[in-house]
Each structure stands twice: as structure tokens, then as C-alpha cells.
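> Requesting a structural model of the entry that follows:
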Amino acid sequence: MSDTWPPTVRRLLTVAAAVVTVEALAVIALAVADLGSINGERVAVGVGVAVFFLLYGGTQLVAAVLLLRGRHGARGPIVMTQLLQLLIAWSLRNVDGDVLAVRYLPLGAGLAALVVLVCVLAPPVNRAIVERAASEGS
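Next comes the predicted model:
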């Protein structure tokens with residue numbers, strides 16, 4: 001984390017990066033699980049989905065690391081993935097399932113996305129990024 005950020009900004013970005021890291025690891029675990037469930041009828045689809053999830057989770061991990069290093073360019077990919085996650089959570093809100101995790105997964109994913117969005121779009125973070133960009137530009 002950049003030492004030049006104010007303490008509030010560092011805390012907000014650390015929380016956001018931690019949540020994004022957990023999300024990324026969950027997506028990567030999902031990719032590995034998908035690879036393990038591939039059968040002869042759906043090899044191409046299974047591999048394609050797993051590769052997509054691996055790239056998606058890897059991109060989230062890289063963005064989380066860059067966010068911790070104070071790179072403001074990481075906010076765009078993070079905001080985009082969180083908005084997608086909110087849409088996915090919303091679309092899965094009425095999924096029926098016997099497994100407790102299936103019923104509450106959309107709620108957890110939606111809340112995690114909201115936490116990350118609040119942290120990375122908070123006014124102190126925006127001010128710090130604008131100030132840093134202005135000082136780097138001159």
C-alpha cells in the first residue's frame with residue numbers, strides 16, 4: 001500500500017482489496033471445480049467456462065494487488081467486476097436449492113460487491129486519487 005495515502009484511504013483500499021481477493025479465490029476455486037466435473041459430453045464448454053473463470057479471477061487478483069500498491073488504474077476493473085457481480089447476484093436472487101450456500105450465495109456476493117464499491121468510490125479515496133494524479137502530472 002502506498003505510504004502517501006491518508007490512513008482512511010489506506011483502510012478503505014485495504015478492505016476493498018481483501019474482499020476482491022476473497023472473491024477472486026472463490027472464482028478460481030469454481031474454475032477448478034468446473035474442470036473436475038467435465039464429462040465427455042461437454043468438454044469444450046467445460047474447459048471454456050473454466051478458462052474464463054480462471055482469467056476473471058486472475059484479473060481480480062492482479063487488480064487487488066495493484067490497488068494495494070496505490071495504482072488508481074486498478075479501480076476501473078474492480079468497479080466493472082463488482083457491477084457485474086451485482087447484476088449476477090440480482091439475477092440469482094430467486095434460485096431455489098437445497099444447499100444453504102446456494103440460497104445465500106447471491107446475497108453474499110451482492111453485499112461483497114456493495115462493500116467494495118463503497119470503499120473504492122468513497123469521497124476520501126476519490127480526493128486522494130485526484131490529488132495524486134495532479135501531483136504526478138505536474
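> So for Lys60, what's the nearest residue that isn't a sequence neighbour?
Wrong residue type there; residue 60 is Gln, not Lys. When the adjacent residues along the chain are set aside, Gln60 lies closest to Ala24, with 3.6 Å between them (C-beta to C-beta, 6 or more residues apart in numbering). Bear in mind the C-beta positions are built from the backbone N, C-alpha and C, glycine included.
> The one you found: which element?
For Ala24, the host element (DSSP states H and E) is helix 7-36.
> Tell me which residue is most central in this structure.
Most central in the chain under C-alpha atoms, centre = their mean is Val20, positioned 3.8 Å from the mean C-alpha point.
> Check which helices and strands the helix-or-strand element of the chain with minimal mean pLDDT is in contact with.
Of all helical and strand segments in the chain, the minimum by mean pLDDT, DSSP states H and E falls on helix 123-137, at a mean of 83. In terms of contacts (3 or more C-beta pairs under 8 Å, 6 or more residues apart in numbering; DSSP states H and E), helix 123-137 is packed against helix 7-36.
> can you give me how far the helix it packs on is from the chain middle?
Between the centre of helix 7-36 and the centre of its chain there are 6 Å (C-alpha atoms, centre = their mean, to the nearest Å).
> Next, the angle helix 123-137 makes with that helix.
100 degrees (axes from the mean of the first three to the mean of the last three C-alpha atoms, to 10 degrees).
> Quick one: mean pLDDT over helix 7-36.
Taken as a whole, helix 7-36 has an average pLDDT of 92.
> Next secondary structure element downstream of it?
On the C-terminal side of helix 7-36, the nearest following helix or strand under DSSP H and E is helix 43-68.
> Does anything pack onto that next one? Which helices or strands?
Against helix 43-68 (3+ C-beta pairs under 8 Å, 6+ apart) you get helix 7-36, helix 75-91.
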